[in-house]
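S.K.: for reference, the sequence and a predicted model appear below.
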Amino acid sequence: MNPTTKPEKSADDSGDNEAERAVTATAEKNDAPGPNLAKEPGETPEAGRTDGVDGDGAADDDGDDGDLLGDDLDGEYTPPPSSGLAAASAALVSLLLSLVSLIGTWSGKVISERETLVGQIDLGQTGTAEQQISEIYGDAWHAIALTNGIFAVLALIAGLVALGLPQRKSWVRPFAVAGLVLAALGLLISVGMYFDVFVSLPEPPPAQAPPAG
């Protein structure tokens, strides 16, 4: 008997077996449990996304969308703190104006000299002593009092504004109060001078009767 020889596998059969094994391995890999990508009825592709996009295709709102105006309207707006510069300036202005109302100004002196000159021009050489005192000296005196009173009123206004504005420095309030006190004192003196309360205008001596005979 002739010995049976084992048929050798051909190259084509070997290649087919390797291809079958690759297909089988791929099929087993696909059968492994994994995420279900199947779509439910009525489910849109965007509904399954979880990378920060909601079902409507809009990005998730994390509370800070960059809209500063919207954030301010939603919450309580807190204004920035005041620097206190306006209050400090008003306090200094009030103190300086109050000192000016007490000491006097160059403008008040100019107005006084003008009133004196106007009185001399109006009277000439025909006015009586009472008229000369009133027109030349009285009007000039009252002009100075009126000018100082105006500065005192401005100092009072500036002091009140300084007390009403936000303050950041500790010296603002004392300066404003000092300006108010001095301004009130200057206004009181100006009113007294204008109405001749403290010091009255000088009076000429009474006219002497002509000697008889």
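M.R.: Looks like it arrived, so ask away.

S.K.: tell me the helices in this structure, going along the chain?
M.R.: All helices of the chain, identified by DSSP state H, fall at 11-31, 68-74, 85-103, 106-123, 129-132, 139-164, 172-194.

S.K.: minimum distance to P204: which of those has it?
M.R.: Closest to P204 of those is helix 129-132 (C-beta to C-beta; 3.6 Å). Using the backbone N, CA and C atoms, a C-beta is placed for each residue, glycine as well.

S.K.: I144: how many residues sit nearby?
M.R.: Per other C-beta atoms under 10 Å, the neighbour tally for I144 reads 20.

S.K.: can you tell me the number of residues neighbouring V177?
M.R.: Quick note: V177 (other C-beta under 10 Å) scores 16 neighbours.

S.K.: same thing with L96?
M.R.: Using other C-beta under 10 Å, the number of residues around L96 comes to 16.

S.K.: so what's it up against?
M.R.: Each residue near L96 by C-beta atoms under 8 Å, 6 or more residues apart in numbering is listed here: 155, 179.

S.K.: how far away is it from V161?
M.R.: 14 Å (C-beta to C-beta, to the nearest Å).

S.K.: surely L160 and L180 touch.
M.R.: Yes - if you go by C-beta atoms under 8 Å, L160 and L180 touch, sitting 7.2 Å apart.

S.K.: neighbour count: the two, which is higher?
M.R.: L180 (21 against 16).

S.K.: for the closest residue to S98 other than its chain neighbours, give me its contacts.
M.R.: In space, and not counting its chain neighbours, S98 is closest to L182: 3.5 Å by C-beta to C-beta, 6 or more residues apart in numbering. Listed by C-beta under 8 Å, 6+ apart, the contact set of L182 reads 95, 98-99, 101-102, 155.

S.K.: go again using 7 Å as the cut-off
M.R.: 98-99, 102 (C-beta atoms under 7 Å, 6 or more residues apart in numbering).

S.K.: do the same with V153
M.R.: Contacts of V153 by C-beta under 7 Å, 6+ apart are L187.

S.K.: same check on G149?
M.R.: 187, 190-191, 194.

S.K.: at 6 Å what do you get?
M.R.: By C-beta atoms under 6 Å, 6 or more residues apart in numbering, the contact set of G149 is 187, 190.

S.K.: look up how far K109 lies from it.
M.R.: As judged by C-beta to C-beta, G149 and K109 stand 15 Å apart.

S.K.: low-confidence ranges, the chain, go.
M.R.: In the predicted model, the chain carries pLDDT under 70 at residues 1-82, 125, 207-213.

S.K.: now with 50?
M.R.: Applying pLDDT under 50 to the chain flags residues 1-4, 6-15, 37-39, 43, 45-50, 52-53, 55, 57-61, 63-64, 68-73.

S.K.: returning to that earlier point: among the contacts of L182, who's most crowded?
M.R.: S98 (27 neighbours).

S.K.: isn't that one up against G179?
M.R.: Yes - with contact defined as C-beta atoms under 6 Å, S98 and G179 form a contacting pair (4.9 Å).

S.K.: what's around G159, how many residues?
M.R.: G159: 27 neighbours (other C-beta under 10 Å).

S.K.: so what's it up against?
M.R.: 94, 176, 179-180.

S.K.: now V181. Nearest residue, chain neighbours left out?
M.R.: S98 (7.8 Å).

S.K.: understood, closing this out.
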